[in-house]
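>>> Build the 3D model from these lines:
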Amino acid sequence: RDVKPHNVLVDESSGGGGTVRASHLLIKHRDSRRPASWRSDKITRTKQEAIDTLKAHAKALRAADDLPAAFAKLAKTESDCSSASRGGDLGAFGRGEMQAPFENATFALNVGEMSGIVDTDSGVHLILRTA
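A predicted model of the protein is given here:
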């Protein structure tokens, strides 16, 4: 076991050292490193507005009967990432391929588990670990 930033404890025997697969729902804000997306040429919402939007999405997703299907459907219309066209699916990735907060949160999740809000330079995310 080793402790990662944000006090996330990662068990290296449960996927911590290999690869994971995840989907995400990204909400960008005006302070994101690239405040534009396929949905909007210029994103003007504040970070707090992005967090509030994501909190509402998280609440709806937690109430869903089929989390993976609901997550993919919501990501297709609401995510500011180009992965929206794939229901938020980022495919498989290993250590060092994503921004550290995103990577650490994903590796800490169990398969089928959704994260809380994860803050990166890209914006704020909900992450669903799929493998």
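
>>> Just give the nearest non-adjacent residue to residue 23, would you?
Here the nearest residue to residue 23 in space, its sequence neighbours aside, is residue 88; by CB to CB, 6 or more residues apart in numbering that works out to 3.8 Å. Every C-beta, even on glycine, is put in place using the N, C-alpha and C of the backbone.

>>> Go ahead and measure how far stretch 101-121 is from the middle of the chain.
Stretch 101-121 sits 6 Å away from the centroid of its parent chain (CA atoms, centre = their mean, to the nearest Å).

>>> again with stretch 81-97
Its chain's C-alpha centre and that of stretch 81-97 lie 9 Å apart, by CA atoms, centre = their mean.

>>> Ok, stretch 104-122 next?
Centre-to-centre, stretch 104-122 and its host chain are 6 Å apart (CA atoms, centre = their mean).

>>> and residue 27, how many neighbours?
Neighbourhood size, residue 27 [other CB atoms under 10 Å]: 27.

>>> Look at the closest residue to it other than its chain neighbours and report its pLDDT.
Excluding its sequence neighbours, the residue lying closest to residue 27 (CB to CB, 6+ apart) is residue 50, at 4.3 Å. In this model, residue 50 is scored at 98, pLDDT.
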